[in-house]
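Provide a 3D model corresponding to the input given below.
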Amino acid sequence: MAENDLHLFLEKVKHLNQMVDSLDEFPERRRLLKDCTDHNQVVQLARSWGYEIGRRWGELSYLDSTPLKSNLLRLKSPLEGQERKLLLKGGEKWRLELIISCSAKSPVEGWYNQSQHEWFVLLRGSARLRFKSPDENLDLSVGDYMYLSPHRLHRVERTDPSPGTTWLSLLWSE
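Numbers count the residues shown, from 1 in each chain. The predicted structure is shown next:
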């Protein structure tokens, strides 16, 4: 297996594992996954959660097949209440994602508890984040950026309606 193919395979396994772990954090995802009737629906659902599990060796990534024309703000907003994550670039211990949220928020019972470091900046729109321990709300607008340490419990309370809120997020592990 070529080194690049090995890297793609390991990235896919990593995304699959992260997606499975997210089912405990967000129980509603289990039901949505169960409702899928074919592999393509599973791949699309996983992609909407930020996981790239459908790519096979040698195939273009989801982002490669999307005409960006070098402008991150030209991408179409997802449906209301939805969020779409696009992997822009990644390596063994990091990934750069574009996240487009349209009137989206975290599930009522869910808190993000990610094991990675995250730095993000809002490129368009606004959002409200809520943090746990200590309890805190933070309103964000265009240009605001933030670093989230691993396991800092947080949730998205709201994002803007169409054209939505666009985030650029860098995640990494040590």
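
do you have the strands of the chain handy? List them.
Listed in chain order, the strands of the chain (DSSP state E) span 82-90, 94-102, 117-124, 126-131, 136-141, 145-148, 154-159, 165-172.

any idea which of those scores lowest on pLDDT?
If the strands of the chain are sorted by mean pLDDT, strand 82-90 sits at the bottom with a mean of 87.

does anything pack onto that one? Which helices or strands?
Applying 3 or more C-beta pairs under 8 Å, 6 or more residues apart in numbering; DSSP states H and E, one finds that strand 82-90 contacts helix 39-48, strand 94-102. From N, CA and C alone the C-beta is placed, and that goes for glycine too.

output that strand as PDB, nothing but the C-alphas.
Taking Å, rounded to 0.1, in the frame of the first residue of the first chain, the C-alpha atoms of strand 82-90 are listed here in PDB:
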ATOM      1  CA  GLN A  82     -28.500  21.900  10.000                       C
ATOM      2  CA  GLU A  83     -24.800  22.300  10.100                       C
ATOM      3  CA  ARG A  84     -22.300  21.200   7.400                       C
ATOM      4  CA  LYS A  85     -18.600  20.600   8.000                       C
ATOM      5  CA  LEU A  86     -16.100  20.400   5.100                       C
ATOM      6  CA  LEU A  87     -12.600  19.100   5.600                       C
ATOM      7  CA  LEU A  88     -10.300  21.700   4.000                       C
ATOM      8  CA  LYS A  89      -7.000  20.000   4.900                       C
ATOM      9  CA  GLY A  90      -5.700  17.600   7.400                       C
END
